[in-house]
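Engineer: Mind folding the following:
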Amino acid sequence: MTVAATGGGSWFQTYASYNVVGAVIILPVLRHLRGRQDAVIAGLLAGPLAMLPALLFFICMIAYYPQIGAEPLPSDFLLNRLNFPVFHWLFQAVIFLALLESSTGFVHAINERAALAFTIRTGRIMPASARMAITSLLLIGSIFLAARFGLVTLIARGYRGLAYLLLIVFVLPVMTLGLRRLWMDRRVAVAA
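Structural biologist: Just a heads-up that it's a prediction; the model follows:
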């Protein structure tokens with residue numbers, strides 16, 4: 001990615017930002033793991049499965065190394081070089097499904113937090129119409145943002161900004177609470 005496409009930073013910062021956003025979306029699912037064995041198995045399966053396409057993509061990028069560095073969408077550049085339109089359309093379908101998947105998790109995470117805040121504040125369960133309103137506002141807002149700034153710019157700048165926001169609002173408090181709980185558990189174990 002170019003400096004312009006990534007909002008003035010390096011491509012490494014942009015892709016690292018993607019991972020912070022992904023971690024926040026994935027964390028609520030961890031409560032379904034039954035123990036350390038489930039976590040280890042999930043990591044052993046998901047790690048290589050996530051890394052293999054990236055490794056293959058990286059190997060393909062090496063063939064066009066100096067030229068591909070200036071491209072805002074390296075994957076699109078590589079697919080155009082294949083001169084096989086079916087792969088290009090298939091890739092766009094995969095990107096659409098990936099955006100749909102991650103946005104579904106993101107919208108669900110926001111809805112869950114809003115529902116919890118609503119329940120704490122009012123003592124009632126948040127109505128389905130309120131969940132639909134939150135979902136609609138998020139989706140309509142994202143459509144206007146994508147139309148206004150362009151998808152590449154929005155992803156490059158938006159993910160990084162969102163990552164910094166999530167580090168401050170989510171990761172830092174979770175780490176603080178987690179360290180406190182570990183410290184308290186350790187004190188209890190030592191006392192016993």
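
Engineer: Which helix or strand contains residue 92?
Structural biologist: helix 85-122 (DSSP states H and E).

Engineer: Can you list the buried residues in that helix?
Structural biologist: Under the neighbour-count criterion of 16 or more other CB atoms under 10 Å, helix 85-122 has 88, 105-107, 109, 111, 115, 118 buried. Using the backbone N, CA and C atoms, a C-beta is placed for each residue, glycine as well.

Engineer: looking at the chain, which helix or strand does the model trust least?
Structural biologist: The weakest-scoring helix or strand in the chain, judged by mean pLDDT, DSSP states H and E, is helix 11-26 (a mean of 66).

Engineer: which regions of this structure sit below the pLDDT cut-off?
Structural biologist: The chain contains residues with pLDDT under 70 at 1-19, 21-22, 24, 151-152, 154-159, 192.

Engineer: go again using 50 as the cut-off
Structural biologist: Applying pLDDT under 50 to the chain flags the ranges 1-8.

Engineer: Need the residues that contact the one helix or strand residue 183 maps to.
Structural biologist: Using DSSP H and E, residue 183 maps to helix 172-191. Contact with helix 172-191 is made by residue 27, as judged by CB atoms under 8 Å, 6 or more residues apart in numbering.

Engineer: one step back: tell me the helices and strands packed up against the next helix or strand after the least confident helix or strand of the chain.
Structural biologist: Of the helices and strands lying after helix 11-26 in sequence (DSSP H and E), the nearest is helix 36-62. Contact here means 3 or more CB pairs under 8 Å, 6 or more residues apart in numbering; DSSP states H and E; on that basis helix 36-62 packs against helix 74-82.

Engineer: Tell me which residues of the helix it packs on come out buried.
Structural biologist: 74-75, 78-79.

Engineer: hmm, back to that, which one of the buried residues of helix 85-122 is nearest to residue 95?
Structural biologist: Nearest to residue 95 out of the buried residues of helix 85-122 is residue 88 (CB to CB; 10.7 Å).

Engineer: Tell me who's in contact with the closest one.
Structural biologist: Residue 88 is in contact with 76, 79-80, 82, counting by CB under 8 Å, 6+ apart.
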